[in-house]
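>>> Give me the fold of what follows.
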Amino acid sequence: MSQNCRILGDTFYSDMLVRFSHCDPAGIVFYPQYFIMFNGLVEDWFNHGLGLNYARTITEHRLGFPIVKLECDFVAPSKIGEIITLGLKLERLGKSSMAIAVDCRHRKEERLRAKFVLVAMDLDAQRAQPIPEDLRELMLAFQQGQLDINNH
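Predicted structure coming up:
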């Protein structure tokens, strides 16, 4: 899904091509597609930003991160063929949840702002669980701007 990932300070950025499959008949992103992009952004953040295998986290460790709260302001439409940049910031890290802020831009033009809460979930028990300590340490390092993936 992503073409280019990078971290600048405490923000993870992922560039995404707006595809035909994202759009309505007018050629603009159909709003639910952004929510699918948010999940792709979280996967990119795990895989490229935190250096973890997101698929293995789910399939082997049986740890998922569903969205339990979501707010989104749609500022301007994104169109087929554009490359949009999604920026992810970790605003708060709780015992079993994290608050994420997302900014979406095309070049310098703001397209949307979103905030959502993810909860660490034991996929077998289907209930919240504390964020594992090794993951918490990585996330705190990211939040403090200490992870540098740009030269890899």
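
>>> Show me the contact partners of the longest helix along the chain.
For the chain, the helix reaching the highest residue count under DSSP state H is reported as helix 32-44. By Cβ atoms under 8 Å, 6 or more residues apart in numbering, the residues outside helix 32-44 that reach it are 1-2, 5, 12, 14, 16, 21-23, 54, 65, 67, 70, 72, 86, 88, 100, 102, 104, 112, 114, 116, 118. Quick note: C-beta positions are derived from backbone N, CA and C, even for glycine.

>>> So what would you say the end-to-end distance of stretch 92-100 is?
This stretch, stretch 92-100, spans 7 Å end to end (Cα to Cα, to the nearest Å).

>>> Kindly provide the whole-number mean pLDDT of that stretch.
Per-region confidence: stretch 92-100 scores 98 on mean pLDDT.

>>> thinking again about what came up before, what residues sit buried inside the longest helix of the chain?
Of all the residues in helix 32-44, those buried under the rule 16 or more other Cβ atoms under 10 Å are 33-34, 37-38, 41-44.

>>> Which elements pack onto the following helix or strand past that helix?
Counting by DSSP states H and E, the element after helix 32-44 in chain order, helix or strand, is helix 54-59. The contact analysis (3 or more Cβ pairs under 8 Å, 6 or more residues apart in numbering; DSSP states H and E) places helix 54-59 against no helix or strand.

>>> Now do helix 54-59, average pLDDT.
Helix 54-59 shows a mean pLDDT of 96.

>>> Any buried residues in that helix, and which?
54, 57.

>>> Use 39 as the first number from now on
All right, first residue 39 from here; so that's helix 92-97.

>>> Pull that helix out as PDB, backbone CA atoms only.
Provided in PDB are the C-alpha atoms of helix 92-97 (Å, rounded to 0.1, in the frame of the first residue of the first chain):
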ATOM      1  CA  TYR A  92       2.500  -6.700  12.100                       C
ATOM      2  CA  ALA A  93       1.200  -9.900  10.500                       C
ATOM      3  CA  ARG A  94       3.200 -12.000  12.900                       C
ATOM      4  CA  THR A  95       2.000  -9.900  15.800                       C
ATOM      5  CA  ILE A  96      -1.600 -10.900  14.900                       C
ATOM      6  CA  THR A  97      -1.100 -14.500  13.700                       C
END
